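> 3D model of this:
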Amino acid sequence: MSKVAALAVWAFLSLCVVALITLPVNLQTQLIASVVVVTFMALIKLVNAGGRWRLIALAFGTAIVLRYVYWRTTNTLPPVNQPENFIPGFLLYLAEMYSVMMLALSLFVVAMPLPPRPSRAATAAKSPKVDVFVPSYNEEASLLANTLAAAKGMDYPADKLTVWLLDDGGTQQKRDSASLVEAQRAAARHLQLQELCADLGVRYLTRERNEHAKAGNLNNGMLHADGELIAVFDADHAPARDFLLETVGYFEDDPRLFLVQTPHFFLNPDPLERNLRTFEKMPSENEMFYGIIQRGLDKWNAAFFCGSAAVLRRAALDDAGGFSGSSITEDCETALALHGRGWNSVYVDRPLIAGLQPATFASFIGQRSRWAQGMMQILMFHFPLLKRGLSLPQRLCYMSSALFWMFPLSRTIFLFAPLCYLFFDLEIFTASGGEFLAYTLAYMLVNLMMQNYLYGSFRWPWISELYEYVQAVHLLPAVFSVLASPRKPTFKVTAKDESIFESRLSEISRPFFVIFAVLFIALLITAYRVYAEPYKADITLVVGGWNFFNLVLAGCALGVVSERGERSGSRRVKVSRRCEFGLNEKWYPATIENVSANGARVQVYGLGDGNLVIDTQAQIRFEPYSGGGTLDTLPVAIKNVESGGDITIVGCRYLPEVARHHSLVADLIFANSQQWSEFQRLRRANPGLVRGTLWFWWLSLYQMNRGLVYLFRSMGSAQREPGRAR
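Purely as a prediction, here's the structure:
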């Protein structure tokens, strides 16, 4: 079909859609049409039809959404001559149109994402030289040792692999600081990491001054490295042995390829998963992005650099002048610049690194604030929709990624809009109860179903709304600050490997309890107004139902900000690996049950516990994944013992003494990427809209009660300790 014919068909279909959504019908007809579409979409989902049927279902859903937009625009806005109603009403309308726009962009990006790419190993004779950059700022040496050892242990020709620690915590600027404490700390770190790198066979590099944050650190590394490819890992992102085997080969296929990005897999739950206890059974938040959205972006050659777990072509970076640093999200900005210069990207949907994410709610919000501010900077400095060099699909993809972080504005409006009517009797949405049922409720159901179609087992019902709500409360001022002063935000390093040893309320939890109290009062007012004003009961029930939904989210959020205490200071990874346990020059058959960055839990056969003394030195002997049939020995100290008949459970702490010991620890935790894929597979199960909604309501009720218990407990503690800081 010629371009003219295709354009004509597109124009005709567009006119048909416009005619359909603007067709004047009565309320009963609209209600019947909505029920038919919702039923049709539900049936397609029940029979698990894909391909064209999936697109047909999304097309019907889109028609209902557009019909709602037309009705909302032409029939529901308050009169302009009533500013007390019109201003909040128009803000609500803008928030809804933002949501519709984001839905449209999501449909474009992920309606038919690329399937996962097959493995693409490099040709042995063509293995390019690879420099591995591990940028660091304030991370502990023990954390860096694991990452560096894992990077050094990757399966790749040793003469073609150079690992660099780029240390921004030991710069000359820091060692010459006017603060004696800071200067001594930086000097000690400088010497300690130099010794660690020498022991591991890794290159240590620092610089004169801390300029341009992470982007400046990476660019300084490029001045000293000469590899054809550059792999980047955050300090807490350790690669599996097969990372380079699964990524480097793609650069052979396309000389204009600048990036191979892989997903970020995390060993520990984020604060929501940990406090709600969903980590083992529900997909993580980041899986929706890495499991669906990045594959959708990849379809349009718009998969972007995520700061770590990626390989980049040196020539492409040189072409763009290195890593971009005008925003605090240097990764996406760098990809945007290179895509604009005609370079290509690839996304490999397989977890090949394992890292740590923020454990406390405050650090989680700090990380998300940086992301939000950085994407707002990209939107303001570069405005992807008009950026030269990008294709139209790439422009839309980058706009989708950047505009997403404006959700705190719309989420806040949705939160407080019902209160305008319940508290102040403002009519900011002019519609009857019947119209709400035929248009708004149908739109909401279709929207939920379309999200379910798009993200399926990667996102359970209402979880995205919860994530947005708990972030919006604190991200709203962060977004406003960058809109007011785009160059003011500065790069802040996310805290790594935090632990919470005692249960407590988050230090930034207070706004959530205040909001919950306000919404609960609004619920009581709803009941009173239904009784006192029965002639307006339909509107009151609709608005009250909206407020009740917000209350359910707010109740669940109380559990999110109630931090659960952890028994262990580091995260454990389940493994099942045969080994031998050595004690007093005797060896016993054993199995390693789980491991962490600091120790392991070992099941030992025939050991008994009569001669076991805490802190006694022992050994674990096992075969590394590098093979060779030889067993390597790792020294450990006994920390705890559980006896159970023939099997004795021994908790051990690593006692690494030389580089080989660090490599063995990394081999235990990070070498086998298959275990991460299997873990993700086991928790990807979609409960469906009905069952998922019921589960979320139960979760909200339970977490609300838990949050209130934490609140009363903290108030009691404050009364017993009147001198304690509040």
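> nearest residue to residue 615 in space, please, no chain neighbours.
Excluding its sequence neighbours, the residue lying closest to residue 615 (C-beta to C-beta, 6 or more residues apart in numbering) is residue 637, at 5.5 Å. No exception for glycine: its C-beta is placed from N, CA and C like everyone else's.
> run through the residues that contact the one you found.
Residue 637 sits next to 615, 616, 617, 618, 652, 653, 655 when contact means C-beta atoms under 8 Å, 6 or more residues apart in numbering.
> between those residues, which sits nearest residue 554?
residue 653 (42.1 Å; C-beta to C-beta).
> okay but the closest one is in contact with residue 598, surely?
Yes: with contacts counted by C-beta atoms under 8 Å, residue 653 reaches residue 598, the gap being 6.1 Å.
> what about those two, which has more around it?
residue 598 (18 against 15; other C-beta atoms under 10 Å).
> isn't that one right up against residue 654?
Yes: between residue 598 and residue 654 there is a contact under C-beta under 8 Å: 6.4 Å.
> for residue 691, see how far away residue 700 is.
15 Å (C-beta to C-beta, to the nearest Å).
> if we can go back for a sec, could you point out which element follows whichever strand or helix holds the residue nearest to residue 615?
When elements are assigned from DSSP states H and E, residue 637 belongs to strand 632-644. Downstream of strand 632-644, the next assigned helix or strand under DSSP H and E is strand 647-654.
> could you check the angle strand 632-644 makes with that next one?
140 degrees (axes from the mean of the first three to the mean of the last three C-alpha atoms, to 10 degrees).
> tell me the centre residue of the chain?
Nearest to the geometric centre of the chain sits residue 286, at 3.1 Å (C-alpha atoms, centre = their mean).
> name the element that one belongs to?
Per DSSP H and E: residue 286 is located in helix 285-288.
> and this structure, what are its domains?
3-111+406-562, 127-357, 573-655 (automatic domain parsing).
> go through the ones you listed and name the closest to residue 372.
Closest approach to residue 372 among the domains of the chain (C-beta to C-beta): domain 3-111+406-562, 5.1 Å.
> circling back to that earlier point, okay, residue 700 and residue 691: which has more neighbours?
Per other C-beta under 10 Å, whichever of residue 700 and residue 691 has more neighbours is residue 700, with 22 against 12.
> mind listing what the more buried one touches?
Residue 700 is in contact with 552, 553, 555, 556, counting by C-beta under 8 Å, 6+ apart.
> so which of the residues you listed belong to helices?
Under the assignment DSSP state H, these contribute 552, 553, 555, 556 to helices.
> make JSON lines from these and add neighbour count, pLDDT and distance to residue 179 to it.
Listed next are the ones in helices among the contacts of residue 700 as JSON lines, based on neighbours: other C-beta atoms under 10 Å; pLDDT from 0 to 100; distance: C-beta to C-beta, whole Å:
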{"residue": "552", "neighbour count": "21", "pLDDT": "97", "distance to residue 179": "49"}
{"residue": "553", "neighbour count": "22", "pLDDT": "96", "distance to residue 179": "44"}
{"residue": "555", "neighbour count": "23", "pLDDT": "97", "distance to residue 179": "45"}
{"residue": "556", "neighbour count": "26", "pLDDT": "97", "distance to residue 179": "43"}
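> got any ranges where the stretch 51-200 of the chain has weak pLDDT?
By pLDDT under 70, the low-scoring segments of the stretch 51-200 of the chain are 124-125.
> quick one: the strands in it?
Remark: strands assigned in the stretch 51-200 of the chain by DSSP state E, counting those that start in this stretch are 130-136, 161-167.
> as CSV, those strands with distance to residue 607 would be great.
Formatted as CSV, these follow (distance: least, C-beta to C-beta, whole Å):
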stretch, distance to residue 607
strand 130-136, 38
strand 161-167, 38
